[in-house]
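*Asks:* sequence? don't have it. structure:
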């Protein structure tokens, strides 16, 4: 092949990451996967119009799975090398979406749990901070690859935190009070720590990634989130494109 020819036929070029996104309008601070400056490589956002957080949390179904698969295949055909999800509760569809495409898929940070149980040792105690502890169940954990589901995990949610609930869960406002959210995340972290000794914490909710340092400061523990999970998978495709991200 002529080395001067740059092959075409794709929608995206030098764009390793595509994110399947719920429709939402609240602010996305840096550190959030919906903020492209959270990554040191190009990213494409595919918004699933009409699919919001309440719908995913409380009314999941086959139609949503079909839509996720359709949009994942669309991104793959366009040249995307890694597909991610904008909400940790997409974990219930992780296996089916990954089976439907030939590129790596990481729909949720919950996919890290089984790996972390190896990394931190079989006796390690892991905590999960989630948007809604009442909505997080066996289907999500098993979908993410954790055979034992919720067993052995300490789980704490922010469903009763006023600012978090008003802006993120209910979508009644779009402006985000960063100080209030940080206080609510800190309080949830203290409640989680009060459940017993932990070795590490996973942030299920992608909206918590921007507050990971708050959780680290309060807990004094290793904290893992969706951005780290994505960086790891993208690095497997092209390590040079994420050397700065991996150094964070």
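*Replies:* Looks like it arrived, so ask away. On a predicted model such as this, the values are computed, not experimentally measured, just so you know.
*Asks:* residues in contact with the closest residue to residue 50 other than its chain neighbours?
*Replies:* In this structure, residue 50 finds its nearest non-sequential neighbour in residue 23, 6.3 Å apart by C-beta to C-beta, 6 or more residues apart in numbering. Just so you know, the C-beta spots here come from the backbone N, C-alpha and C atoms, and that holds for glycine as well. Taking C-beta atoms under 8 Å, 6 or more residues apart in numbering as the criterion, residue 23 is in contact with 47-52.
*Asks:* Show me which of the residues you listed is closest to residue 134.
*Replies:* The shortest approach to residue 134 among the contacts of residue 23 belongs to residue 52, at 17.6 Å (C-beta to C-beta).
*Asks:* what about the closest one, how many neighbours?
*Replies:* As a burial measure, the neighbour count of residue 52 was computed by other C-beta atoms under 10 Å and equals 17.
*Asks:* now do the one 3 residues further on
*Replies:* Applying other C-beta under 10 Å, we find 15 other residues in the vicinity of residue 55.
*Asks:* which element is it on?
*Replies:* When elements are defined using DSSP states H and E, residue 55 is found to belong to helix 53-58.
*Asks:* Against which helices or strands is that helix packed?
*Replies:* For helix 53-58, the helices and strands in contact under the criterion 3 or more C-beta pairs under 8 Å, 6 or more residues apart in numbering; DSSP states H and E are strand 17-22.
*Asks:* packing partners for the strand it packs on?
*Replies:* Under the contact definition 3+ C-beta pairs under 8 Å, 6+ apart, strand 17-22 sits against strand 43-48, helix 53-58, helix 62-77, strand 82-85.
*Asks:* next helix or strand past the shortest one?
*Replies:* Yep, that's strand 82-85 we're talking about. Criterion used, DSSP H and E; the element after strand 82-85 is helix 94-100.
*Asks:* any idea how this protein splits into domains?
*Replies:* Partitioning the chain according to automatic domain parsing yields domains covering residues 17-108+228-246, 109-225.
*Asks:* What mean pLDDT does the longest one get?
*Replies:* What it means is domain 109-225. In this model, domain 109-225 carries a mean pLDDT of 95.
*Asks:* Can you classify residue 128 as helix, strand or coil?
*Replies:* Secondary structure assignment for residue 128 (DSSP: H, G, I helix; E, B strand; the rest coil): strand.
*Asks:* how near is it to residue 230?
*Replies:* To residue 230, residue 128 is 18 Å away according to C-beta to C-beta, to the nearest Å.
*Asks:* Have a look at those two and say which one is more surrounded.
*Replies:* Looking at residue 128 and residue 230 with other C-beta under 10 Å, you find the greater number of neighbours at residue 230, namely 28 against 25.
*Asks:* Is it correct that the more buried one is in contact with residue 17?
*Replies:* Yes - here residue 230 lies in contact with residue 17, judged by C-beta atoms under 8 Å, at a distance of 6.5 Å.
*Asks:* my guess is residue 21 contacts residue 36, does it?
*Replies:* No - using C-beta under 8 Å, residue 21 makes no contact with residue 36, being 11.8 Å away.
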